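J.: need a 3D model of the sequence below.
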Amino acid sequence: MKTLLELTYTNNYTRLVKYACSYVGNEVEAEDIVQDTFMHIWSKLSADRLEEVEVENIRYVTVVLKNKCIDFLRLKKRTGNVYYSGSDELDLLYDKRIHEDTVSKDIDLERLIHQAINNLPPKCRQIFIEKKLNGEKQKNIALKYNISIKTIEKQMNIAYKKLRNELNCYL
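T.: The predicted structure follows:
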């Protein structure tokens, strides 16, 4: 006799793989994630509790699956490990173009940030650069420019406000 978990697995496997594939974009990885999801559910619930929990309620399984997909994508992004089959050369080319576009956008954003910093009032810009770009402590900046820490805090607030307003549409 099959448990509810086994029945849910066999009855919904294909649909769950398609759902996972919509997140991760690779059917092999999606299949692995679906299997990991059911193993996770099985390991978290004791044998007697498997019958209590309505595992047949596909929403529960889908939420766990979605979270597993998100975890997978975070790990993939952090480690840079990407699976490609031999037939994915076009995808590789597409990913390369996306990467180049991303690098180009990052460079543009960096240029916009530097431009926004340069647009700050001179005293505010000077304090912001010392604190954020050079990593100086407020106490050292206060001693260097013979100003109070409150002045530094106020100038930093002004800088953040102006930068936020200027860069709001880009971030």
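J.: check which residues of stretch 150-170 are buried.
T.: Neighbour counts using 16 or more other C-beta atoms under 10 Å place 152, 155, 156, 158, 159, 162, 163, 166 of stretch 150-170 among the buried residues. Every residue, glycine included, has its C-beta placed from N, CA and C.
J.: those in strands, which ones?
T.: Judged by DSSP state E, strands contain none of the buried residues of stretch 150-170.
J.: can you redo these as TSV with pLDDT and distance to residue 108?
T.: TSV is the format used below for the buried residues of stretch 150-170 (pLDDT from 0 to 100; distance: C-beta to C-beta, whole Å):
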residue	pLDDT	distance to residue 108
152	92	31
155	93	27
156	92	26
158	92	25
159	91	21
162	90	20
163	87	16
166	84	14
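J.: redo those as TSV? Include distance to residue 136.
T.: Output for those, formatted as TSV (distance: C-beta to C-beta, whole Å):
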residue	distance to residue 136
152	10
155	13
156	12
158	18
159	14
162	20
163	18
166	23
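J.: show me how far stretch 134-154 is from its chain's centre.
T.: 34 Å (C-alpha atoms, centre = their mean, to the nearest Å).
J.: any weak-confidence spans in the chain?
T.: 1-4, 46-57, 80-107, 170-171 (pLDDT under 70).
J.: where do the helices sit along it?
T.: Secondary structure of the chain (DSSP state H): helices at 4-24, 27-44, 47-52, 58-79, 89-118, 122-128, 138-145, 149-167.
J.: quick revisit: between the buried residues of stretch 150-170, which is closest to residue 60?
T.: Taking C-beta to C-beta as the measure, residue 163 is the one of these closest to residue 60, at 44.0 Å.
J.: does that closest one touch residue 124 like I think?
T.: No: between residue 163 and residue 124 there is no contact under C-beta atoms under 8 Å: 10.0 Å.
J.: quick one on the thing from earlier: residue 20: which of the buried residues of stretch 150-170 is nearest?
T.: Among the buried residues of stretch 150-170, and counting by C-beta to C-beta, the member closest to residue 20 is residue 163, at 39.7 Å.
J.: appreciated, that's everything.
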